[in-house]
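Q: my questions concern the predicted model and sequence given below.
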Amino acid sequence: RLLNLFNDKTEWESVALRLVFIFIPMMLQKPSKNSRAKDHNIYLDKRLKLWKVGDLSAIISEGCEIQKRLEETRKAQERSLATKFAQLMIHGKVSAATSLINRQSGGLLDVDETVIGQLKEKHPSAMNAADEILITGNKVAVEEVIFEAIDSMLVKKAAKLTSGSGGPTLVDSECWQHILCCCAFSKSQELVAEAIARLARRICTEDVNFQSIAVLTAGRLVPLDKCPGLRPIGIGEILRRIIGKCVMMVLKKDVQKDAGPLQTCAGHEGGIEAAIHAMAEVHDNEDTEAILLVDASNAFNALNRTAATNNMQYICPPLAKYFENTYREPTNLYVANSEGVIIKSSEGFTQGDNIATGGYALSTKPLIDHLRNIIKQVWFADDS
């Protein structure tokens with residue numbers, strides 16, 4: 001119902017998605033660490049009644065008290081590395097488990113003024129685009145019917161393929177998979193999946209007020225110790241990642257064709273292997289004097305968003321509207337383990353966005369074309 005308040009362009013459109021994102025964590029907060037299903041039913045019924053009369057402050061107060069006590073319990077339980085690894089494997093989180101044991105050092109940095117300053121440096125302010133890099137000309141019309149492929153079945157498929165923790169709301173992939181894929185919900189899950197599909201189709205085909213979807217594009221920013229230095233990791237909301245995955249499933253061939261064969265991060269099968277063999281042949285050529293290895297600095301966060309938005313209309317028209325809607329204005333990144341610190345993502349692609357890699361591949365196309373007659377080149381994202 002909340003999703004369709006946005007989809008149907010009702011008077012609630014401006015706040016509908018905000019309600020969606022606060023509804024799930026507020027309703028599903030467990031009353032205690034070892035609470036049972038019957039306890040969940042009691043508290044869910046109570047919270048739904050408070051929600052219907054608009055008493056959100058009561059729900060928030062209860063949730064904050066629960067969270068505070070859960071945090072105290074969490075700090076009291078010091079688990080060994082082996083126990084953490086075993087629990088991750090039991091839950092099928094193989095990637096997280098291997099990352100845990102492979103990590104020699106580092107981890108999450110304590111957020112202080114120095115770390116906040118470094119994070120801001122990694123997310124520069126928006127800059128004007130130089131006229132010479134802006135593509136102009138006649139735009140190709142996009143047939144909106146192509147996005148009818150985004151239906152409830154595709155949404156469920158994307159949900160099953162999405163994994164990891166959640167964005168600012170911390171609602172993870174397992175929660176959304178349970179909502180969308182648990183057969184116990186039968187008709188309800190189908191209605192939710194179709195509402196998400198409608199949301200995705202609207203963002204792909206219509207101009208949408210950014211403030212209405214700002215909560216969808218927001219991310220959680222985690223500062224990791226790079227030893228030395230800092231690596232900012234962005235985690236997008238699961239709903240955005242599900243929608244982004246649906247969009248890329250539908251437009252995968254368009255992105256690959258429009259990005260061209262030299263930018264292998266566009267999803268070309270065996271692209272990296274082909275790049276290695278191609279460069280090996282170039283290296284053995286008698287005319288070759290040197291090979292230059294390039295790794296662009298802070299590339300995904302520094303790419304000019306104004307130029308990318310303009311050029312996307314000519315390079316890959318089917319993706320242009322979705323890209324424009326989700327990157328029209330700076331995105332809020334909520335710094336993890338901080339007292340409400342928010343950093344604006346004004347340039348480049350927000351980490352945690354499924355279209356980031358494909359969008360970056362398309363955005364670098366003008367540079368690759370410019371260099372085509374000067375050098376022999378091959379790319380994988382910001383490495384060339």
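A: Nice, thanks for sending it over. Fair warning: this is a prediction, and the values are worked out from it, not measured in the lab.
Q: my guess is Asn128 is in a strand, correct?
A: No - counting by DSSP: H, G, I helix; E, B strand; the rest coil, one finds Asn128 to be coil, located in no strand.
Q: all strands for the stretch 201-350 of the chain, in order.
A: With DSSP state E, counting those that start in this stretch as the criterion, the stretch 201-350 of the chain has strands at 219-225, 230-236, 331-335, 342-345.
Q: helix, strand, or coil at Cys175?
A: For Cys175, the assignment made with three-state DSSP gives helix.
Q: isn't it up against Gln29?
A: No - at 11.7 Å, Cys175 does not count as touching Gln29 under the criterion of C-beta atoms under 8 Å. The C-beta positions use only the backbone N, C-alpha and C, and glycine is treated the same way.
Q: select, out of the strands of the stretch 201-350 of the chain, the one closest to Glu121.
A: strand 230-236 (9.1 Å; C-beta to C-beta).
Q: buried ones in the closest one?
A: Of the residues in strand 230-236, those buried by neighbour count under the rule 16 or more other C-beta atoms under 10 Å are 230, 232, 234-236.
Q: distance to Thr264 for those residues - can I get that in TSV?
A: Formatted as TSV, these follow (distance: C-beta to C-beta, whole Å):
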residue	distance to Thr264
Leu230	28
Pro232	24
Gly234	23
Ile235	25
Gly236	24
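Q: among these, which one has the lowest pLDDT?
A: Lowest pLDDT within those is found at Leu230 (85).
Q: what sits against that one?
A: If you count contacts by C-beta atoms under 8 Å, 6 or more residues apart in numbering, Leu230 has them with 109, 115, 118-119, 122, 223-224.
Q: of all these, which comes closest to Gly260?
A: Looking across the contacts of Leu230 and measuring by C-beta to C-beta, the closest to Gly260 is Lys122, at 28.7 Å.
Q: if I look at the spatially closest residue to the closest one that is not a sequence neighbour, how far off is Asn332?
A: Sequence neighbours aside, Pro232 is the residue nearest to Lys122 in space, at 5.0 Å (criterion: C-beta to C-beta, 6 or more residues apart in numbering). From Pro232 across to Asn332, the span is 14 Å (C-beta to C-beta, to the nearest Å).
Q: ok, back up a step: who wins for neighbours among the contacts of Leu230?
A: Pro223 (22 neighbours; other C-beta atoms under 10 Å).
Q: wait, that one sits on Val111?
A: Yes - assessed by C-beta under 8 Å, Pro223 is found in contact with Val111 at 6.7 Å.
Q: quick check: neighbours shared by those two?
A: Taking C-beta under 8 Å, 6+ apart as the criterion, Pro223 and Val111 both touch 335-336.
Q: what sits against the nearest residue to Leu221 once chain neighbours are set aside?
A: Once flanking residues are discounted, Leu221 sits nearest to Leu333: 4.1 Å by C-beta to C-beta, 6+ apart. The contact partners of Leu333, by C-beta under 8 Å, 6+ apart, come to 123, 218-221, 234, 342-345, 350.
Q: of those residues, which is the nearest to Ser165?
A: Closest approach between the contacts of Leu333 and Ser165, by C-beta to C-beta: Arg220, at 8.1 Å.
Q: tell me how far the closest one lies from Thr169.
A: With distances taken as C-beta to C-beta, Arg220 is found 9 Å from Thr169.
Q: before we move on, what about Ala197?
A: Distance of Ala197 to Thr169, computed by C-beta to C-beta: 21 Å.
Q: count of neighbours near the nearest residue to Asp151 once chain neighbours are set aside?
A: Distance criterion C-beta to C-beta, 6+ apart; nearest residue to Asp151, sequence neighbours excluded, is Ala197 at 5.2 Å. Ala197 has 25 neighbours, counted by other C-beta under 10 Å.
Q: for the helix or strand Ala197 falls within, output the C-alpha coordinates as CSV.
A: If you go by DSSP states H and E, Ala197 is part of helix 187-205. Output of helix 187-205 as CSV, limited to C-alpha atoms (Å, rounded to 0.1, in the frame of the first residue of the first chain):
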residue,chain,number,x,y,z
LYS,A,187,-0.9,-13.4,-2.5
SER,A,188,0.7,-10.7,-0.3
GLN,A,189,4.3,-11.3,-1.6
GLU,A,190,3.0,-11.1,-5.2
LEU,A,191,1.4,-7.7,-4.4
VAL,A,192,4.6,-6.4,-2.9
ALA,A,193,6.8,-7.7,-5.8
GLU,A,194,4.4,-6.1,-8.3
ALA,A,195,4.5,-2.8,-6.4
ILE,A,196,8.3,-2.8,-6.5
ALA,A,197,8.2,-3.6,-10.3
ARG,A,198,5.9,-0.6,-10.8
LEU,A,199,8.3,1.6,-8.8
ALA,A,200,11.2,0.5,-11.0
ARG,A,201,9.3,1.0,-14.2
ARG,A,202,8.3,4.5,-13.2
ILE,A,203,11.8,5.6,-12.3
CYS,A,204,13.0,4.2,-15.6
THR,A,205,10.4,6.1,-17.7
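Q: quick one: furthest residue from the center of this structure?
A: Glu286 (45.0 Å; C-alpha atoms, centre = their mean).
Q: which residues touch that residue?
A: Glu286 touches nothing, counting by C-beta under 8 Å, 6+ apart.
Q: and the buried residues of strand 230-236, which two are furthest apart?
A: Going by C-beta to C-beta, the pair spanning those furthest: Leu230 and Gly236, at 19.6 Å.
Q: and the residue nearest to Leu221, what pLDDT?
A: Per-residue pLDDT puts Leu333 at 94.
Q: how close does it get to Ser363?
A: According to C-beta to C-beta, Leu333 and Ser363 sit 20 Å apart.
Q: just the CA trace of stretch 277-297, in CSV.
A: This file holds the C-alpha atoms of stretch 277-297, laid out as CSV (Å, rounded to 0.1, in the frame of the first residue of the first chain):
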residue,chain,number,x,y,z
HIS,A,277,45.8,-11.8,-24.5
ALA,A,278,45.3,-8.6,-26.5
MET,A,279,47.9,-6.6,-24.4
ALA,A,280,50.3,-9.6,-24.7
GLU,A,281,50.1,-9.4,-28.5
VAL,A,282,50.6,-5.6,-28.4
HIS,A,283,53.6,-6.0,-26.1
ASP,A,284,55.3,-8.5,-28.5
ASN,A,285,54.8,-6.1,-31.5
GLU,A,286,58.2,-4.6,-32.6
ASP,A,287,56.6,-1.2,-32.8
THR,A,288,55.6,-1.2,-29.1
GLU,A,289,58.0,1.0,-27.1
ALA,A,290,56.3,0.9,-23.7
ILE,A,291,53.2,-0.1,-21.8
LEU,A,292,51.5,2.4,-19.4
LEU,A,293,49.5,1.0,-16.5
VAL,A,294,46.9,3.5,-15.3
ASP,A,295,44.8,3.4,-12.1
ALA,A,296,42.6,6.5,-11.8
SER,A,297,42.6,8.1,-8.4
